[in-house]
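Chemist: The following comprises the amino acid sequence and a computationally predicted model.
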Number of protein chains: 2
Amino acid sequence: MSLQQQYEQICSRGLSLDMSRGKPGADVISLANGMLALPAEGDFKAANGFDCRNYGILDGLPEAKELFAPLHGINPDNIIIGGNSSLQMMYDTVARAMLVGVGEEGCCPWGALFGQGTAPRFLCPVPGYDRHFAICEAFGIEMLSIPTDENGPNMDAVEKAAADDENIKGIWCVPMYANPTGITYSDEVVRRLANMKTAAKDFRIFWDNAYGIHHLNSGRPTAEASGALRVVGQSPTSLAAEQDKLTNIFAECEIAGNPERVYGFASTSKMTFPGAGLAIMGASAKNAAFIREQMAFQTIGSDKLNQLRHLRFFGSFEGIVAHMAKIEEVLRPKFNAVIEILVRELGASGGEYGAWHSPKGGYFISFTGNANTAKRTVQLCKDAGVILTNAGATFPYGKDPDDANIRIAPTFPSLNELREAMEVFCVSVKLANV
Amino acid sequence: MSLQQQYEQICSRGLSLDMSRGKPGADVISLANGMLALPAEGDFKAANGFDCRNYGILDGLPEAKELFAPLHGINPDNIIIGGNSSLQMMYDTVARAMLVGVGEEGCCPWGALFGQGTAPRFLCPVPGYDRHFAICEAFGIEMLSIPTDENGPNMDAVEKAAADDENIKGIWCVPMYANPTGITYSDEVVRRLANMKTAAKDFRIFWDNAYGIHHLNSGRPTAEASGALRVVGQSPTSLAAEQDKLTNIFAECEIAGNPERVYGFASTSKMTFPGAGLAIMGASAKNAAFIREQMAFQTIGSDKLNQLRHLRFFGSFEGIVAHMAKIEEVLRPKFNAVIEILVRELGASGGEYGAWHSPKGGYFISFTGNANTAKRTVQLCKDAGVILTNAGATFPYGKDPDDANIRIAPTFPSLNELREAMEVFCVSVKLANV
């Protein structure tokens, strides 16, 4: 059967599958269903007796700050618990910086640069997270792409740009199990980010640690590891059985004498309920004080009952880790299936069609095909009923100069749907290469 | 016993009462305790089958928009459900206007005025809500005070300023049971606001309808009305037994040919849980489309489980009204007690010490004393253990030119505490007049 015939046969199936976003499926989300009835009638007091139903407590319950502090590896005092969206915390942090600055003496609000006929700029490691880039675009912040490899962003390029241009005010980073490449920044990259010279005194690293404890194959003994669920044997057709480790950038920035350089972001969106989780920011004491001061104009406080709900559900950080292990069990077979089918259909390590990284955690597999094939592949998939993230979305302004990168998001479909979708994907890749 | 002796006796009681903010007490909040265990395990789907646990639905569940649309009196399609804070929605709306404008063709972002050596300006009816003024202050928006009377802002002053100065971009309004005066804007004021000529094409009314259904004495037959709870007889020592009515400004703006002029804000903070309610914005179709477009950069959507929680608790708009009637029962005796003690201690309608309005709803009683007595009164109260809102807080920049206005917030303390606090207040007023 010719490629074209295979593709037409697939089209005739009338599929309707969505692999466009990093959404957990109902299988993962249902693991947190116990939260729906929490905290429980009559249970509304924080440990200090505070009535969580009422106004107050700007930056989060003390016990919630303590529970989630390990996500950033900092003192709970410098944690700020937000609403249900870490994206909103990042957007708001950039918006504040544009309007009032970042609290750095002698520095003007970033937005004031427009009045001087210039513009603030951000460094954007690519491929990266489209919603980060969209925030810059919304505010007119110019984006400079920085290439990445298996260690993170190319630090020579980052250091040169940051040192030369005082309009460069920040960098977007997903440092662990990166969106979409799945890689984790090396110790050296983290240290160079913490230590580098920046022309802008008010330069900030936006450290979006969205997948900090989102491992896929911790190597714990499981039903799957014993052969019950795993379809194909070992690497490269399955995930590497180990966890990545990320160096603590807050500690590195402090050692480097740049404690104010980093804002950390995390959330429970991919732990409990994506639409009803908690956003968790980490910062230096000085940054946290400035943020609180500005936040006080915006809100009286986030939803403390939802904080209580998470506290009751998790109990402790060990409870969080145990919950993440359950999620890992559900997600691992999906990622294994993607890699298995990529290897089977396109050849080990991508062969003539492209390359991918087999991630040890996170939410994505990044496929880099041959130049000028990504848009065509995504379109062919779409015509066959499989929606992928738009080609180009992983680059600033939606423009992949090579038209080569495609983000695969295996978490939402069921395992069977995923297998079908990946078959469509592989046929489409081949056809796009014709 | 001399005034001074009375005051010293009060001080010796060692009181510690907080009447500083418009917070409901546990008595009111507990009426919504049933919500704590909602929606319930296994109950997470919207009417259209959407999984409320997951990402998605930027501006609120269709049934939530429908439920709350009557608060603004507009088409549910133009309702935007936010997080737990209408203050945040207002702050965000101003922040967006500063950064990207309001979507009005040919108009620049308000913040761009700084680059031109000038500044955006807002009209601020006084006395007003301190957090509104704080938003302006946070962003460097200049504030112009507008005097108010029992009909709302002085419209001659508003019209003149809005017509003359194209840097005047907005006006803050709490149109019903205003914070702090308790008055409701007259039909004429609403119509003039909708119809007036504004030099700025991108002028916006920030219509903070925080107390739109927050009546205090609807005139329904109640235990209290029959004498069981009411301490003193009829007006002026108790609240007028009727509701205010507010003209629909969205309709008036549309009739006037200025449909984009108004942003409406409301919340369930003073219906269910102040810290875990829903913020509800209303706008014209064009405004709502622009806001959604910009919000999409900031968030994937608000907490839909909290929307479901409110839907399950209220059931219908009639359910909301019925719940508000329960709240009214708790709050009415508190407001009556304040007025009763003011009348008894200071004389009917304030006598030589000042004046107040007996509100038919809302959260505050505004006391306007003699010039140069407010700060002293608040300090005397504080020294006796009763915390009031800072004198001046109801004016832009915290400066009451007459030093006369004090906001009394009777909702948080218990009835007994409130009586004690009001005795302290009245003695302090007298002493401040000596």
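Modeler: Yes, it's here. Owing to the predicted nature of the structure, the values given are computational and were not obtained by experimental measurement. Numbers count the residues shown, from 1 in each chain, chains lettered A, B, ... in the order given.
Chemist: Need the single longest helix in chain A, by residues.
Modeler: helix A:317-346 (DSSP state H).
Chemist: Spell out whether that one and chain B are in contact.
Modeler: No: Helix A:317-346 stays clear of chain B (Cβ under 8 Å from any Cβ of the partner chain), getting no nearer than 13.8 Å. Just so you know, the C-beta spots here come from the backbone N, C-alpha and C atoms, and that holds for glycine as well.
Chemist: what's the answer for stretch A:355-370, then?
Modeler: No: Stretch A:355-370 stays clear of chain B (Cβ under 8 Å from any Cβ), getting no nearer than 12.0 Å.
Chemist: Would you mind pulling up the elements that the longest helix of chain A packs against?
Modeler: Packing partners of helix A:317-346 (3 or more Cβ pairs under 8 Å, 6 or more residues apart in numbering or on different chains; DSSP states H and E): helix A:26-29, helix A:62-72, helix A:304-314, strand A:354-356, strand A:365-369, helix A:415-432.
Chemist: right, and A:G22 touches A:Y363 too?
Modeler: Yes: if you go by Cβ atoms under 8 Å, A:G22 and A:Y363 touch, sitting 4.1 Å apart.
Chemist: Name the residues contacting each of those two.
Modeler: Counting by Cβ atoms under 8 Å, 6 or more residues apart in numbering or on different chains, the shared contacts of A:G22 and A:Y363 are A:179, A:270, A:409, A:411.
Chemist: Just give the number of residues close to the second one.
Modeler: Pointing back at A:K270 there. For A:K270, the count of nearby residues is 24 (other Cβ atoms under 10 Å in any protein chain shown).
Chemist: now swap in the last one and tell me
Modeler: If you count neighbours by other Cβ under 10 Å, A:T411 ends up with 22.
Chemist: now swap in the first one and tell me
Modeler: Using other Cβ under 10 Å, A:N179 is surrounded by 23 other residues.
Chemist: returning to that earlier point: wait, which of the shared contacts of A:G22 and A:Y363 is closest to A:L193?
Modeler: A:N179 (17.5 Å; Cβ to Cβ).
Chemist: if I look at that closest one, how far off is B:S186?
Modeler: Between A:N179 and B:S186 the computed distance is 55 Å (Cβ to Cβ, to the nearest Å).
Chemist: Please apply the same query to A:A289.
Modeler: Note on A:A289: its distance to B:S186, by Cβ to Cβ, is 45 Å.
Chemist: okay, these two: which has more neighbours?
Modeler: B:S186 (18 against 13).
Chemist: So in that sheet, which strands flank the lengthiest strand in chain A, and in what orientation?
Modeler: Longest strand in chain A, counting residues (DSSP state E): strand A:142-149. As defined by DSSP bridges, the strand partners of strand A:142-149 come to strand A:121-126 (parallel), strand A:152-153 (antiparallel).
Chemist: Point out the residues in the stretch 101-250 of chain A that sit beside chain B.
Modeler: Near chain B, when you scan the stretch 101-250 of chain A using Cβ under 8 Å from any Cβ, you find A:111-112, A:114-116, A:131, A:134-135, A:137-139.
Chemist: Can you give me the neighbour number for A:K45?
Modeler: A:K45 has 13 neighbours, counted by other Cβ under 10 Å.
Chemist: right, and it touches A:R53 too?
Modeler: No: look at A:K45 against A:R53 with Cβ under 8 Å: they stay out of range, at 9.1 Å.
Chemist: Spatially central residue in chain A, please.
Modeler: A:A210 (4.2 Å; Cα atoms, centre = their mean).
Chemist: Now that residue: phi and psi?
Modeler: phi -70, psi -20 (degrees, to the nearest 10).
Chemist: A:G22 versus that one, what's the distance?
Modeler: For A:A210, the distance to A:G22 equals 9 Å [Cβ to Cβ].
Chemist: Tell me what angle the one helix or strand A:D92 maps to forms with helix B:86-100.
Modeler: Element membership for A:D92, per DSSP states H and E: helix A:86-100. Angle of helix A:86-100 versus helix B:86-100, following axes from the mean of the first three to the mean of the last three Cα atoms, to 10 degrees, is 60 degrees.
Chemist: so does helix A:86-100 get close to chain B?
Modeler: Yes: residues of helix A:86-100 contacting chain B under Cβ under 8 Å from any Cβ: A:87-88, A:91-92, A:95, A:98-100.
Chemist: Can you tell me the closest non-neighbouring residue to the residue of chain A positioned farthest from its centre?
Modeler: Within chain A, the residue lying farthest from the chain centre (Cα atoms, centre = their mean) is A:M1, at 40.2 Å. Computed as Cβ to Cβ, 6 or more residues apart in numbering or on different chains, the closest residue to A:M1 that is not its neighbour in sequence is A:Q9, at 7.5 Å.
Chemist: Ok, A:P274 next?
Modeler: Closest to A:P274 by Cβ to Cβ, 6+ apart is B:Y55, at 4.5 Å.
Chemist: before we move on, the earlier item: show the average pLDDT along the longest strand of chain A.
Modeler: The average pLDDT within strand A:142-149 is 98.
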